[in-house]
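Undergrad: Here is the input, now give the coordinates:
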Amino acid sequence: MFSLFFINRPIFAKVVSILIMLVGLIALLVLPVEEYPEIAPPSVTVSANYTGGSASVVAESVTKPLEKQINGVEGMIYMDSTSGSDGSSNINIYFKSGYDLDIAAVDIQNRVAVAMPTLPESVKINGVKTVKKSSSMIQILTVSSDNDMHDALFLSNFAGINVIEELKQVDGVSDVMNFGEKKYSMRIWLEPNKLSTLKLTIPEVANAIRAQNVQAALGTIGSPPMASSNMFQYTVTAKTRLSTATEFENIIVKQNSDGSQIKLKDVARVELGAENYGWYAKFNDKPSALLGISQIPGSNSLEVANGVTEKIEELSSRFPEGLEIKPTYDTTTFIKLSIEEVMYTLIEALILVLIVVFFFLQSFRATIIPAVAIPVSLIGTFAILLSLGFSINILTLFGLILAIGIVVDDAIIVVENVEANLERNPNMTPLDASIQAMKEVSTPIISTTSVLMAVFVPVTFIPGISGTLYQQFASTIAFSVFISAIVALTLSPALAVTVLKRRSNKDKNILFKKFDDGLNGFKVYYKKMLFFIIKKWYIFIAIFMGLLYSTYFIFSVLPVGFVPDEDKGNLIASVILQPGTSLEANEKISREISSIITETKGVADILEIGAYNLISGVVDTSATTMFIVLDDWSEREEPELEITALLTTLKNKLSHIEEANIMIMGIPSIPGISAVGGFEYKLRNLQSTSLREFEEVTNKFIAELNKDERIMYAYTTFNSNYPQFYLDIDREKIYKLNIDIGDVFTVLQTYLGSMYVNDFNKFGNVYRVYLQADQAFREKKNDISSFYVKNKKDEMVPLSAFVKIERQSGPSVITHFNSLQSISINGLHNIQGGFSSTDAITAMEELSDKFLSEKEYSYEWAGMALQEKEAGNAAAYVFALSLIFVFLFLSAQYESWIMPLMIMIPIPVVFLGALGANMFAGLMNNTYTQIGLILLIGMSCKNAILIIEFAKDLREQGSSIVDSAINASLLRLRAILMTIFAFLLGILPLVFATGPGAAARQSLGTAVFGGMLASTVLTLFFTPLLFVLLQRLRERNSKEVINENK
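TA: As a prediction, the model looks like this:
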């Protein structure tokens, strides 16, 4: 017998457990801590900028050439892109989970290099950036001031000069985005009327600036080779580049024949201004710099956030008085607190389990053994997690919490059997009792451990995000149970010899005696119930069949979701205004919205990014994004301050603002997959129909979606009605007037957009010089007619001579999905109506098939919705495979096809208990619930094996089938009740979880709790009946039939 060696050598047994704990503790110190393992698809972003370009121009001349080269890169899942009227082109490429992102980035960079020659010259000058970047930000830092002298221009540039580059050096930081950035620029505001009067052209002005604002290396004096023997060598310097507005004002643009000069200040206003005035950033309605921190995919967000915190503490000491930097919007706060909550739950579960064990064992000495076995099993698991490359995260911690009630079971079986032997046999010593007990329970311990591990084998074959979620949880439980079995076979019997002693009833206090009396009374009732159930077996089989149907019914009606929506302490508001809304009008409306949100109870802070569309990722004066920071969870315990209630409150309070379409969303439950919560649907244009027609189809489709009760709301930020002026240029007239058409476009681009000339140095940085018409000359459409262009005869010709201006409309953003023109539809499932994200996805697919032409349009899912779709029926396959694995294992163990059925037939009804508990609690059937169901397969079998194993032994010893079933049940009753109560109380902290991460804990805990209650009833009352019925069938078919009357 394996355990005999350790019983005879107790120090050896203790050394084995000490080594397991030491290795586990070392692993615990080095294991990374994070919310989830690396499950978000790794992504690479390619970004470029074509200054002054419209969305359609950017899409055709920048995005399309890049997409053509990037498309099909190895490992790619999908690719989406946005081309904005702000000149931006952003392409996001998503890869298979686990794909090497460094290789992906290099592959994409190589393909971008191939596309570079086909891009416009100004795009090449600006550069095309390729970065490994997560789709969501982990933090937004606010740089604010209580000094009115520190305006938005100062704060933005202070952050750019002193903060951003430092933050980019933090390990794990991919990018730092300066929202509302107003980067310093030398703005030369031209006066077109003066230029035309003086017959000056834009190229002449630009060339004068380039000639007189130049960076030059002037060489040295006394450098070798030289004829004389100089003692020193001198570097020659001079002021070459200009740095102040006054210096630029005095640039000589033209030298007249009479000796007079035309300086830049004669035709323009020069100031040190901002490169971009098109957006702004506020913190609680005050100008601020908002710095969005994106992490490198695969990096640990907690470690990145800690690194950022350390860096800003270091930087703060160098800040001017009144200036403050802090992480106002911080998604890692939820991660830290939710992990802390799970750790507290772990401790609570451990205490509750030990209380139950003590109450049943009624001895401090006996309780010591499971109290030692639990930490050895749990801490030892960390070593295996480290070797597998896992981390300490929500899933592994959930596994450890549930493992407490499982690993204690093996130690309880040993202790309970040793004490039973001592009680039944007065002449036995603790040594003899331990040896006898291990002969009896070694096989059940190995069997139940093997069954539990077999349940989780299929999980290792599941690909994608679902597989990762299942594997982290399953591996934790499987290995903790494996170590628990080792401890039960080695340490527990060794401790039993030295710790346990014979007890008499005189040693028991009144409470324990009453408890035992109650348990003995229940045993009498239990025995009568078993006789009745076996006698009236057909009634209970009928009841069981009804329960099976109920299981099918509840599976079909309980809403299915991917992961539960969590209260992450933050909300995001997307404000969409009328197309073409000016920045000033935007700011006025946004101020009203911000004020209402700030005054709402439960809201702590608000970060506002004016003229920025978070969903499309482009600067758009008709949009504003607001990050709403809520009060701490401890301050929002009232039902009306829960996140779903706050969403409704804010929606109602903002409903009267007719000028804006306001969508308020939660943060995605799993970070790094989507920028905002809810579903992300991509409608693709297969036939390249006009954008106007494509938009009409989309809007009709959205209208149908919003009629469906399963969808709370669906919307798109796409709009092709942005006001535009189309310039009808008469090319024949241009030719007759001896005008170079390129000069016409230069005039328009410079006056209405801007022209990058060259650079200047200031504050230790390099900034750009831009030419543009002053504000008064580009306010109205008729201003275009007053622009002049010089022809080849040196005459100034107004654009009105060959240009007609027509009003029309067009999009501010054009999006592609996998290189095809697309429109994104975002939305949220109807939470209050009891519908899940899966219901919303199903609704959209049903309506897509009904209203969209397959030849003209197709659709794809992205973000969380894509992951949910890919997960699909993975749970069903896992359940089926787990059942098959367990059945085959038990069949091999018992050398029987029938005995496994005694153990496994009740499992479907166990699912009824789990899903029924979720339905009663108002929870959905999500990934955490399904993880719990897989665990319940093993736990249900584990409990049944304890009865079937003993019943089988009694039958082989000559007892009748009925007596074997009943006596085995009575014999194992105390141990079963003890392990079940220990397990159930260990789960209770999950069931009643509150605070950060409570939704996930409740989903898992409630399902397992309900399932274990059902399993307890079935194990105690139905398993003995199954043994009787199936054992009779088994013996009837056996060649060696045991005499029933023997």
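Undergrad: How about A611: what's its closest non-neighbour residue?
TA: W279 (3.9 Å; C-beta to C-beta, 6 or more residues apart in numbering). Any C-beta I mention is one placed from the backbone N, CA and C, and that applies to glycine too.
Undergrad: Please report the distance of the one you found from M428.
TA: 83 Å (C-beta to C-beta, to the nearest Å).
Undergrad: Between the two, which has more neighbouring residues?
TA: Per other C-beta atoms under 10 Å, whichever of W279 and M428 has more neighbours is W279, with 21 against 18.
Undergrad: so where's the protein shaky on pLDDT?
TA: Regions of the chain meeting the criterion pLDDT under 70 cover residues 1, 135, 227-229, 503-508, 872-873, 1038-1046.
Undergrad: Could you list the domains of it?
TA: When the chain is parsed with automatic domain parsing, its domains come out as 2-35+335-562+872-1036, 41-133, 569-666.
Undergrad: and the end-to-end length of the last one?
TA: Chord length of domain 569-666, first to last residue, is 9 Å (C-alpha to C-alpha, to the nearest Å).
Undergrad: Could you do the first one as well?
TA: Using C-alpha to C-alpha, the span of domain 2-35+335-562+872-1036 from its first residue to its last is 36 Å.
Undergrad: Distance from the chain centre to that domain, please.
TA: 32 Å (C-alpha atoms, centre = their mean, to the nearest Å).
Undergrad: follow-up on the earlier one: of all the domains of the chain, which lies closest to S156?
TA: Closest to S156 of the domains of the chain, according to C-beta to C-beta: domain 569-666, at 12.2 Å.
Undergrad: Next secondary structure after the longest helix along the chain?
TA: As assigned by DSSP state H, the longest helix anywhere in the chain is helix 464-499. Later in the chain than helix 464-499, the nearest helix or strand by DSSP states H and E is helix 510-535.
Undergrad: That following helix: which residues count as buried?
TA: F512, Y526, L530, I533, I534 (16 or more other C-beta atoms under 10 Å).
Undergrad: Please apply the same query to stretch 856-868.
TA: Neighbour-count burial for stretch 856-868 flags Y857, S858, Y859, E860, W861, A862, G863, M864, A865, L866, Q867, E868 (criterion: 16+ other C-beta under 10 Å).
Undergrad: What of stretch 266-281?
TA: Buried residues in stretch 266-281, counted by 16+ other C-beta under 10 Å: 266-268, 270, 272-276, 278-281.
Undergrad: how long is that stretch end to end?
TA: 35 Å.
Undergrad: Please compute how far it lies from its chain's middle.
TA: 39 Å.
Undergrad: what sits against L852?
TA: L683, V697, F701, Y859 (C-beta atoms under 8 Å, 6 or more residues apart in numbering).
Undergrad: Which helix or strand contains the third one?
TA: It stands for F701. Counting by DSSP H and E, F701 is part of helix 691-705.
Undergrad: How far does that helix sit from its chain's centre?
TA: On C-alpha atoms, centre = their mean, the centre of helix 691-705 falls 30 Å from that of its chain.
Undergrad: what helices or strands is it leaning on?
TA: Judged by 3 or more C-beta pairs under 8 Å, 6 or more residues apart in numbering; DSSP states H and E, helix 691-705 is in contact with strand 679-685, strand 711-715, strand 820-829, helix 837-851.
Undergrad: what's the closest of the buried residues of helix 510-535 to A216?
TA: F512 (95.4 Å).
Undergrad: Give me the neighbour count for the residue nearest to that closest one when sequence neighbours are not counted.
TA: Using C-beta to C-beta, 6+ apart and skipping the chain neighbours, the partner closest in space to F512 is Q362 (4.5 Å). Neighbours of Q362 under the rule other C-beta under 10 Å: 19.
Undergrad: related to what we said a few turns ago, turn the buried residues of stretch 266-281 into TSV, columns for secondary structure and distance to V214.
TA: Below are those laid out as TSV (DSSP: H, G, I helix; E, B strand; the rest coil; distance: C-beta to C-beta, whole Å):
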residue	secondary structure	distance to V214
D266	helix	21
V267	helix	21
A268	strand	19
V270	strand	18
L272	strand	19
G273	strand	22
A274	strand	24
E275	coil	21
N276	coil	25
G278	coil	30
W279	coil	32
Y280	strand	34
A281	strand	35
